[in-house]
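Chemist: Make a model of this:
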Amino acid sequence: MASKLKKFIPHLVVLILFVIASLAYFSPVLQNKVIFQSDIAQYQGMAKQLKDYRAAGDEIYWTDAAFGGMPTYQLGAKYPHNYIKTLDLSLRFLPRPADYLFLYFIGLYILLLVLKIDYKLAFLGALAFGFSTYLIIILGVGHNAKAHAIAYMPLVLSGIFLTFRGKYIWGFLLTTIAMALELVTNHFQMTYYLGLLVLCIGVAYLIDAFQKKMLPHFAKAVGVMLVAVVLAIGLNATNILATKEYADTSTRGKTELTINANGTKKEIKEGLDYDYITEYSYGKLESLNLFIPRFMGGGSGDPLPDESATIDALLRTGKSQEELVSILQQVPVYWGDQRIVAAPAYIGAVVIFLAVLALFLVKGRLKWWVVSAFFLTLFLSWGRNLSFLTELFIEYVPYYNKFRAVSSIQVIIELIMPILAVVGLHHLLNDFVKLEQKKKALYYTSGIVGGLTVIFLLFKNSLFSFASPIDGDLASYYKLPFTFVDAMREDRAAVFTADALRTLLFVVLAAAALFLYLKNKIKEIPLIAVLAVLIVVDLVGVDRRYVNNEDFVKARIMEQPFQENGANLQIAKDKGYYRVIDATTDPFNSAAASYYHNALGGYHAAKPGRMQDLNEFYISQGDIGVLNMMNVKYIITQNNNQGPVAQRNPYANGPAWLVENVIFAENADQEILLLDSLDTKRTAIIHKDFKSQIPTASIVRDSTATIEMVKHEPEHIVYETSSKSAQLALFSEVYYPAGWNAYIDGEPVDYFRANYVLRAMSLSAGNHKVEFIFEPSVIQTGSSVSLISSIIVLLLLASGLFFTFKRNKHISE
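Modeler: Predicted coordinates:
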């Protein structure tokens with residue numbers, strides 16, 4: 001027993017070192033500071049109402065705070081029997097974002113151990129993965145869900161490799177738990193990209209099994225993993241079902257419109273628009289920043305070099321100080337063609353060097369699935385710059401058209417390159433390859449990697465233009481001489497040269513260390529230590545350019561990222577029920593109003609589809625009729641002297657009203673177009689599919705008829721009505737039938753859609769109590785499935801432990 005415990009001591013030490021490294025990089029968390037993450041600031045606004053109710057003891061699945069109302073499924077809702085989430089929270093015991101960095105480390109460490117790599121090399125590989133610049137920068141900007149999903153990718157691969165190795169029980173259990181943790185992150189785009197990597201692995205193992213006549217074993221392993229995935233889905237059933245339900249109604253689902261807001265014909269297809277999908281496409285040449293961080297200037301906000309030719313050129317133009325400041329704020333050191341780039345996706349010069357070395361040393365299926373996954377994801381990351389492949393995947397590969405920002409598929413490269421690098425180093429340090437072959441591989445690698453860098457340095461002005469797509473426009477707008485454009489390109493060349501020399505230095509140092517090892521001048525442990533130091537210094541040196549202590553703020557600033565202003569205070573005095581739109585910004589890309597009010601806008605990657613349509617056709621144009629029907633009582637505008645002020649809209653329709661006229665629309669196009677200049681207080685637009693629910697012949701104008709909201713909670717709304725004849729009521733609430741149920745005097749009734757996005761209901765004469773209650777069946781169904789799946793996994797885990805204990809006892813006897 002003592003000997004077995006002793007084996008765990010190195011791993012415990014590594015675990016402690018990972019904790020120290022995570023806290024050291026994000027050291028301000030120890031001072032109760034938090035990193036300011038722009039996306040999380042927006043999330044705080046979107047989830048404010050949800051969190052307020054949760055603090056009071058209620059978990060709500062509908063919020064009024066954004067887009068006129070939407071489910072909270074994508075805003076951090078907590079579900080019953082979601083035990084895998086409890087496990088996830090236990091693993092993330094460090095303060096954020098150090099918790100995600102720790103998960104990066106521990107995940108790849110476990111994967112490399114499963115690949116039978118020595119723990120010292122596994123430690124090195126984990127550092128290389130965790131400190132990859134892209135993985136750090138996404139924590140800096142607040143892409144926490146993405147980071148969360150990436151962190152669990154290595155664990156999923158660990159379970160897969162164990163299963164393929166014939167460790168069916170533990171492979172099955174690890175795959176189940178790891179895949180469940182991957183799904184609990186709720187970032188299905190990253191999980192989808194992981195699936196593409198697993199496909200490459202599967203093909204490599206299938207070919208290998210065919211060649212070795214082991215197809216039955218392959219089929220058995222795949223079957224075991226499929227069952228594991230099914231159970232993992234079951235553990236996340238509520239989240240997956242709820243996400244699917246909402247996604248179908250969001251901008252990620254299929255629209256019924258055949259026209260755009262400008263009148264042009266819309267291409268009818270399920271999924272996102274091609275231009276939206278490929279908006280962030282990596283440039284082919286830009287991919288070299290995986291190796292040289294500022295190959296194309298770094299990020300969009302990178303500063304000019306200290307001795308800047310651009311500044312010198314500007315000073316000679318005679319522009320005023322104010323003009324100079326304005327121009328310098330817009331001068332891009334980045335010269336790629338992406339609209340905005342936070343930082344280069346730098347993997348590390350040493351990691352790239354070791355990965356290329358591995359190509360000469362590593363044989364078999366690992367090498368081929370890594371190479372195939374590398375080129376597949378690299379080519380797909382180019383998006384519109386390799387349009388034939390991108391269009392092929394959008395058109396024919398299931399669900400590929402559901403995701404935007406194709407450049408982010410490079411996370412797979414960030415994952416597989418450290419794996420290949422460490423496996424290659426493992427081969428170098430062992431007897432798998434003859435010494436002469438190792439030396440030859442080192443010479444070839446040094447010549448290829450170092451030589452390419454030298455060529456870039458010597459012939460940079462011949463090979464690269466250093467020209468940004470906006471150089472000409474910037475010079476023309478500010479009437480600057482052509483020498484200014486030349487100066488910008490000179491600065492970019494200087495930045496490129498500095499980082500290329502930096503990369504060359506790390507390549508030379510890594511090659512020298514390996515050469516000394518092969519010459520028996522240094523031993524294995526010093527070599528690993530030197531390489532680990534080089535990797536950390538290399539990567540952290542670049543990481544700190546973009547995410548450092550200056551990005552941290554006091555915790556209260558992130559807890560309340562949107563400060564109160566005069567407009568918010570003015571609106572807060574009104575205790576009625578209404579909506580607010582913030583016209584000081586793009587209301588459909590800001591959660592500032594959602595933090596304080598029931599907002600018509602909001603911030604989300606998957607907005608409610610019909611509300612986005614309404615925004616494109618009317619709201620973004622300031623159509624007051626549409627604002628009225630959405631019960632927008634206050635419009636926040638900017639006053640030059642007072643700052644944000646609230647303008648009251650006296651024409652808002654209120655929470656509910658009775659209409660006199662109905663116009664039937666033949667299709668969705670008519671539904672939305674007929675809203676133009678419509679008197680929404682008197683007339684309703686109803687799709688013909690709901691015609692049978694409207695007793696149009698019996699609607700008689702009743703001047704005494706009333707409808708009044710008497711209670712409003714996010715999940716329960718109550719109205720009282722009184723009329724002498726049948727009426728048609730409209731409610732300024734978003735139509736979402738997959739959860740909202742309607743009742744009249746306690747009896748379930750049907751309701752239908754009106755004015756493209758609203759709810760409507762036919763009322764008989766008399767006094768009635770009308771209720772809308774949010775009762776999503778998807779929560780109950782999903783929770784039941786999650787509970788059953790949890791019990792099954794627990795029983796299987798107990799069985800696995802029992803049989804393992806029994807087998808070990810039998811062996812010891």
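
Chemist: quick one, what contacts the closest residue to residue 453 other than its chain neighbours?
Modeler: The spatial neighbour of residue 453 that comes closest, neighbours along the chain excluded (Cβ to Cβ, 6 or more residues apart in numbering), is residue 504 at 4.6 Å. Every C-beta, even on glycine, is put in place using the N, C-alpha and C of the backbone. With contact taken as Cβ atoms under 8 Å, 6 or more residues apart in numbering, residue 504 is in contact with 349, 450, 453, 454, 457.

Chemist: Could you double-check that residue 610 sits in contact with residue 756?
Modeler: Yes - here residue 610 lies in contact with residue 756, judged by Cβ atoms under 8 Å, at a distance of 6.1 Å.

Chemist: Give the ChimeraX command for selecting the buried subset of the contacts of residue 504.
Modeler: Per 16 or more other Cβ atoms under 10 Å, the buried members of the contacts of residue 504 correspond to this ChimeraX selection:
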select :349,450,453
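
Chemist: Next, format the contacts of residue 504 as JSON lines and append pLDDT, distance to residue 201 and secondary structure.
Modeler: JSON lines is the format used below for the contacts of residue 504 (pLDDT from 0 to 100; distance: Cβ to Cβ, whole Å; DSSP: H, G, I helix; E, B strand; the rest coil):
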{"residue": "349", "pLDDT": "96", "distance to residue 201": "27", "secondary structure": "helix"}
{"residue": "450", "pLDDT": "95", "distance to residue 201": "31", "secondary structure": "helix"}
{"residue": "453", "pLDDT": "96", "distance to residue 201": "31", "secondary structure": "helix"}
{"residue": "454", "pLDDT": "96", "distance to residue 201": "35", "secondary structure": "helix"}
{"residue": "457", "pLDDT": "95", "distance to residue 201": "37", "secondary structure": "helix"}
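
Chemist: can you tell me which residue is nearest the centre of this structure?
Modeler: residue 146 (4.3 Å; Cα atoms, centre = their mean).

Chemist: pLDDT score for that one?
Modeler: The pLDDT attached to residue 146 in the predicted structure is 94.

Chemist: for the one 3 residues further on, same thing?
Modeler: Confidence at residue 149, expressed as pLDDT, is 96.

Chemist: how near is it to residue 95?
Modeler: Residue 149 sits at a distance of 20 Å from residue 95 (criterion: Cβ to Cβ, to the nearest Å).

Chemist: Please produce CSV containing the contacts of residue 504, extended by distance to residue 705.
Modeler: Compiled in CSV, the contacts of residue 504 are given as follows (distance: Cβ to Cβ, whole Å):
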residue, distance to residue 705
349, 76
450, 84
453, 80
454, 85
457, 82
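
Chemist: OK, contacts around the residue sitting furthest away from the middle of the chain?
Modeler: Summary for the chain: using Cα atoms, centre = their mean, the residue whose C-alpha lies farthest from the chain's mean C-alpha position is residue 724, with a distance of 53.7 Å. With contacts taken as Cβ under 8 Å, 6+ apart, residue 724 has the following neighbours: 702, 704, 705, 765.

Chemist: ok but the first one is inside a helix, no?
Modeler: No - counting by DSSP: H, G, I helix; E, B strand; the rest coil, one finds residue 702 to be coil, located in no helix.

Chemist: Count the residues that sit near it.
Modeler: Taking other Cβ atoms under 10 Å as the neighbour definition, residue 702 ends up with a count of 16.

Chemist: Check what pLDDT it gets.
Modeler: Predicted confidence (pLDDT) for residue 702: 84.

Chemist: again, but for the third one
Modeler: Per-residue pLDDT puts residue 705 at 92.

Chemist: now stretch 768-788: how far from the chain's centre is it?
Modeler: Averaging C-alpha coordinates over stretch 768-788 and over its chain gives two centres that are 28 Å apart (Cα atoms, centre = their mean, to the nearest Å).

Chemist: Going by neighbour count, list what's buried in that stretch.
Modeler: By 16+ other Cβ under 10 Å, the buried positions in stretch 768-788 come out as 768, 770-772, 774, 776, 778-779, 782-783, 785-787.

Chemist: Tell me which entries of those residues lie within strands.
Modeler: Within the buried residues of stretch 768-788, membership in strands is found for 768, 770, 771, 772, 774, as judged by DSSP state E.

Chemist: and the buried residues of stretch 768-788 as TSV, adding pLDDT?
Modeler: Output for those, formatted as TSV (pLDDT from 0 to 100):
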residue	pLDDT
768	96
770	96
771	97
772	97
774	97
776	95
778	95
779	95
782	95
783	95
785	95
786	94
787	95
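
Chemist: Of the residues you listed, which is the nearest to residue 649?
Modeler: Within the buried residues of stretch 768-788, distances to residue 649 taken as Cβ to Cβ reach their minimum at residue 772, with 23.9 Å.

Chemist: Now do the contacts for the closest one.
Modeler: By Cβ under 8 Å, 6+ apart, residue 772 lies in contact with 716, 717, 731, 733, 740, 741, 742, 743, 751, 759.

Chemist: Only whichever of those are buried, select them in PyMOL.
Modeler: Buried members of the contacts of residue 772 can be picked out in PyMOL with the line below, counting by 16+ other Cβ under 10 Å:
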select buried, resi 717+731+733+740+741+742+751+759
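
Chemist: Keep only those of the contacts of residue 772 that are in strands.
Modeler: Among the contacts of residue 772, DSSP E puts 716, 717, 731, 733, 740, 741, 742, 743, 759 in strands.

Chemist: My understanding was that residue 147 contacts residue 139; is that so?
Modeler: Yes - in this structure, residue 147 is within contact of residue 139 by Cβ under 8 Å, at 5.5 Å.

Chemist: which residues do these two both contact?
Modeler: In terms of Cβ under 8 Å, 6+ apart, residue 147 and residue 139 are both contacted by the residues 97, 100.

Chemist: and the spatially closest residue to residue 14 that is not a sequence neighbour, how far is that from residue 26?
Modeler: In this structure, residue 14 finds its nearest non-sequential neighbour in residue 123, 5.2 Å apart by Cβ to Cβ, 6+ apart. Here residue 123 is placed at a distance of 19 Å from residue 26 (Cβ to Cβ).

Chemist: Same question for residue 305.
Modeler: Per Cβ to Cβ, residue 305 is found 28 Å from residue 26.

Chemist: When the two are compared, which one has more neighbours?
Modeler: For residue 305 against residue 26, the residue with the higher neighbour count under other Cβ under 10 Å is residue 26, and the figures read 28 against 18.

Chemist: And the pLDDT for that one?
Modeler: Predicted confidence (pLDDT) at residue 26: the value is 95.

Chemist: do the same with residue 261
Modeler: Predicted confidence (pLDDT) at residue 261: the value is 88.

Chemist: again, but for residue 187
Modeler: Per-residue confidence at residue 187 stands at 91 (pLDDT).

Chemist: State whether it and residue 145 are indeed in contact, as I suppose.
Modeler: Yes - the pair residue 187 and residue 145 passes the contact test of Cβ under 8 Å, sitting 4.2 Å apart.

Chemist: residues touching the nearest residue to residue 681 once chain neighbours are set aside, list them.
Modeler: The spatial neighbour of residue 681 that comes closest, neighbours along the chain excluded (Cβ to Cβ, 6+ apart), is residue 653 at 5.6 Å. Shown in contact with residue 653 (Cβ under 8 Å, 6+ apart): 628, 629, 631, 680, 681, 730, 732.

Chemist: Among these, which ones are in strands?
Modeler: Short answer: the contacts of residue 653 in strands (DSSP E) are 730, 732.

Chemist: Counting only helices, which of the contacts of residue 653 make the cut?
Modeler: In this view, the contacts of residue 653 that belong to helices under DSSP state H are 628, 629.

Chemist: Now neighbour count too, for the contacts of residue 653, in JSON lines please.
Modeler: JSON lines is the format used below for those (neighbours: other Cβ atoms under 10 Å):
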{"residue": "628", "neighbour count": "22"}
{"residue": "629", "neighbour count": "26"}
{"residue": "631", "neighbour count": "24"}
{"residue": "680", "neighbour count": "23"}
{"residue": "681", "neighbour count": "17"}
{"residue": "730", "neighbour count": "23"}
{"residue": "732", "neighbour count": "26"}
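
Chemist: Just give me the closest of the contacts of residue 653 to residue 38.
Modeler: After measuring the contacts of residue 653 against residue 38 - Cβ to Cβ - the closest member comes out as residue 631, at 29.9 Å.
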